[in-house]
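Q: Provided below for reference: sequence and predicted model.
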Amino acid sequence: MPARYQPAPLAGALAHLLVCNMGLHLSQATLRLPMLLHVLGRRLSQASTASSSSSSASHTNNYIHHFLITFRSSQTTTPQSLLQSHAFIIVTGNSNNAHIASKLISLYSSLADPRSVAKVFNSVQSKDTFLWNSIIKSCFSNGDYPQTLDLYQQMRLSNTRVNDFTIPMVASACAELLALVFGETVHGLVAKSGHFGWNAAVGSSFVYMYSKCGRMVDAYLVFDEMPIRDVVAWSALVMGYVQNGAAEMGLACLCEMHRLGDECERLNFRTLEGGFHACGDLRALREGRCLHGFALKVGLSCYHDVQSVILSMYSKCGAAEEAYFSFGEMGHEDVFCWTAVIAAYAKLGCMTECLGLFLSMQDAELNVDGIIMSCVISCFKDSTRVRQGKAFHGFITRRKYFLDQVAVNALISMYCRFGMALTAEKLFDRSHSRDSGSWNIMVCGYGKSGLDWRCIDMFREMRHQGLEYDLSSVISVISSCSKVGAIHLGRSLHSQTIKHLLDRNVSVSNSLIDMYGKYGKLTLARKIFTRTERDTVTWNTIISVYLRQGHPAEAVELFDKMVKEGSHPNSATLVIVMSACSQIASYEKTEMIHKYIKNTGVELNTSLATALLDAYGKCGKIETSRQVFNALGEKDVISWNAMISCYGMHGDARSAIEIFKQMEVSSVSPTGLTFLAVLSACNHAGLAEEGRYLFGKMHDYSVTPTLKHYACMIDLLGKSGNLKEAEDLVMSMPIAPDGGIWGSLLTAYKTHNDVEGGIRIASRATESDPGNDGYYIILSNMFDSIGHWEEAERIRELMKERGVRKSPGWSALKLAPSLLVNLDAWNVSFLLGYNNSLSAGDSDVPSLNDARRI
């Protein structure tokens, strides 16, 4: 304030003496204003009397007038000078002036002195709209939103009219407090009065309020009804959509605003912030780059807030290099910027870059918080970086960085990703400020590490302590219940998900369908499936459930229903349904699905092509299977095994061996399953010499023969008449033979009528597998063939003593639908199978002529 317009020196001196020499705070000085004013009044009166001969009344009035003008135009002040001015205003009789009081309120508010603000406001007898707006603005500017609404109500009760300055502050206060009902009441008043329809600030404030309260439909309606829209209204709408999870709509609004291009509707840096946030949320890198170019073109990229949000956008989109360039262009890099660029590299797993930036941050002497450390830790994504992850943990421990709960949770999560759940458990136990995030991470970690009972127990303890669990924990526990067979516990958890409305989540529903389906509860699984908003994973789950439970035809029907309902199968869906087609050997369905793959352009990857060639092979279309195999660009070991198995099951051992030789010269090494498939092919074709060669070749690939390999080789040698060699192979086995081995050898002796050897082997076979009825029958028949009737009878009695019963034979026929019309239950049961154990003379057994008539 200019010196010539300062209060009288005496008044200023006294006010300064009261504030400074007595050591009073501004609010305390205000309380003593009456005493100060009494002194000032008396001294000013004396001064006026003493100087009346040399000064005129006009000079005094002119002085006061200039002081008031200067005071009202001042923008800042100090507590001491404000108190002096306030004292002078009161003494000169201007304290009841609403405009002067409004200025005092503004200055006291800037000094964060609400008590003085209230005293000034209350000292004015006639309060107009301008004064009410001043005190409402004071509270709003200092973040006292409840008091803002309270003053607004007092203003309404005093019958003072609100205007277009009052409403935006009140609506914004409602937005900050999420006081939707109060805000709707204010909106109703404005709509009823109709006075503010052409004021953009009023409309913008209601757009902001509804957006903040999550009512975007109402926000858009207000925006749509605004006759005049300025950049504030557009920015409020764009930010509202982005903050309420509708980033695509926010981006569309921004594009529409730019298309209109009016002077009052041009994008500013706030609008651009909303646009960059939308691009980041949508991972819309191309659109983000366009918006970045626009910001550079119009000169808005120089704002620090815009630079920060551009960096954040590139970070969310995983564009690490562009994030780094944006980081380098910033004049001032704060912790937020360092976090964003480190997060961008961490998301891509760029460990070297993350660690380099982290060390550069240390060189810049910036404080490292838990969020920064968690970003760096997140770059150690899997078990291939265990050593580096543990080294970084040791580094921050040796440097004695403060590990808050965010950093501790990141370390626990890292060790869980490494499959080191027990190490994560140690960190968890040492943490003294565990939050619900820590518990949820451990629950998921136990589940992924296969420690299912620990996963369940941890979840129980978490619930006992009253901590909130997240969806990942629920899914992990349901999966663990499914693995350990805790179906009752799983059903209990299901009821909890219903109670807390978590069963509406598609991932939770998928895990429940899988759990119930695994234990044969197909009705429950189907009910959950029917009530769920199904995605592709849901369809995959229910189809695989039916396939696992031995219902391949129903699995194919579900696939047909999936396509009819407009869902889009992925490669995993097609692999599952191809397996179902393989089990029912349906060439028509296999061909139909193959055509669907071609027509929809689904990528025929290795897994899908393998399932397809396997399905064609089991349907008897071996040439089509070979065509699919040859068309495969990159074949894995499963593809080679499937093709060898297809040839083997059709008895084409030569082609199977040919494929095996091609596999040997490829980059894929044979496995135990490969040798089993090619040995089975040799077994079916009786190629003993080739079988011996291949069995010996297993050693070259460091493949250890299993019982199945031995059983296949013994069966091959036995069928070819090499009984002694087969028996010697059994006796030289490094592992104990099981019933299957002895059974193969026994069958060989029976086939070649070597009764003596057969009886010797049969004794071992029945000891190894006493529940197998075939061994007893073969042995009994052998004794019968050489006339040892008593021994044969003893074997039959032994079967009875051990409770072994002969299994009935059965056959299955695939009939055209027309053949099943008007068939009674007796005929259907005959077509589905018949009991071979019944005597041929039994009158209840249908004859061959009956079958022909059907």
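A: Ah, there it is.
Q: what about residue 411, how many residues nearby?
A: 25 (other C-beta atoms under 10 Å). Yep, even glycine has a C-beta here, placed from its N, CA and C like the rest.
Q: before we move on, which element is it in?
A: helix 405-417 (DSSP states H and E).
Q: using PDB, write out every CA atom in the helix or strand following that helix.
A: Using DSSP H and E, the helix or strand that follows helix 405-417 towards the C-terminus is helix 421-430. C-alpha atoms of helix 421-430 as PDB (Å, rounded to 0.1, in the frame of the first residue of the first chain):
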ATOM      1  CA  ALA A 421       5.900 -69.100  -1.300                       C
ATOM      2  CA  LEU A 422       7.900 -70.000   1.900                       C
ATOM      3  CA  THR A 423      10.300 -67.100   1.400                       C
ATOM      4  CA  ALA A 424       7.300 -64.800   0.900                       C
ATOM      5  CA  GLU A 425       5.800 -66.200   4.100                       C
ATOM      6  CA  LYS A 426       8.900 -65.200   6.100                       C
ATOM      7  CA  LEU A 427       8.600 -61.600   4.800                       C
ATOM      8  CA  PHE A 428       4.900 -61.700   5.600                       C
ATOM      9  CA  ASP A 429       5.500 -62.900   9.200                       C
ATOM     10  CA  ARG A 430       8.200 -60.200   9.800                       C
END
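Q: tell me the contacts of the nearest residue to residue 554 once chain neighbours are set aside?
A: Counting by C-beta to C-beta, 6 or more residues apart in numbering, the nearest residue to residue 554 once its immediate chain neighbours are dropped is residue 546, at 4.6 Å. Taking C-beta atoms under 8 Å, 6 or more residues apart in numbering as the contact definition, residue 546 lies against 517, 522, 552, 554-555, 558, 580.
Q: helices of the stretch 251-400 of the chain, residue ranges please.
A: 269-282, 285-298, 304-316, 320-329, 335-347, 351-363, 370-377, 386-398 (DSSP state H, counting those that start in this stretch).
Q: select, out of those, the one closest to residue 480.
A: helix 386-398 (24.1 Å; C-beta to C-beta).
Q: off-centre distance for the closest one?
A: When C-alpha coordinates are averaged (C-alpha atoms, centre = their mean, to the nearest Å), helix 386-398 and its chain have centres 27 Å apart.
Q: same question, stretch 260-274
A: Counting by C-alpha atoms, centre = their mean, stretch 260-274 comes out at 34 Å from the chain centroid.
Q: any idea of the mean pLDDT in it?
A: Averaging pLDDT along stretch 260-274 yields 79.
Q: heads up, I number from 14, so please use that
A: Yes, from this point I'll number from 14; that puts the last item at stretch 273-287.
Q: first-to-last residue distance for that stretch?
A: The first and last residues of stretch 273-287 sit 18 Å apart, counting by C-alpha to C-alpha, to the nearest Å.
Q: residue contacts, the nearest residue in space to residue 583 that is not next to it in sequence?
A: Nearest in space to residue 583, with sequence neighbours left out and distances taken as C-beta to C-beta, 6+ apart, is residue 549 at 5.4 Å. Going by C-beta under 8 Å, 6+ apart, residue 549 touches 580-583, 586.
Q: so how far is residue 715 from residue 549?
A: With the distance defined as C-beta to C-beta, to the nearest Å, residue 549 ends up 40 Å from residue 715.
Q: with residue 623 instead?
A: 24 Å.
Q: burial count for residue 102?
A: Neighbour tally, residue 102, other C-beta under 10 Å: 23.
Q: these two touch, right, it and residue 117?
A: Yes - counting by C-beta atoms under 8 Å, residue 102 touches residue 117, with 7.3 Å between them.
Q: residue 165: neighbour count?
A: For residue 165, the neighbour count with other C-beta under 10 Å is 23.
Q: now do the SS call for it.
A: helix (DSSP: H, G, I helix; E, B strand; the rest coil).
Q: which ones are touching it?
A: Contacts of residue 165 (C-beta under 8 Å, 6+ apart): 149, 175, 179, 183, 186, 199.
Q: and the end-to-end length of stretch 93-113?
A: The straight-line separation of the ends of stretch 93-113 (C-alpha to C-alpha) is 18 Å.
Q: can you give me the buried ones in that stretch?
A: 93-105, 107-108, 110-111, 113 (16 or more other C-beta atoms under 10 Å).
Q: please apply the same query to stretch 335-355.
A: 335-337, 339-340, 346, 350-355.
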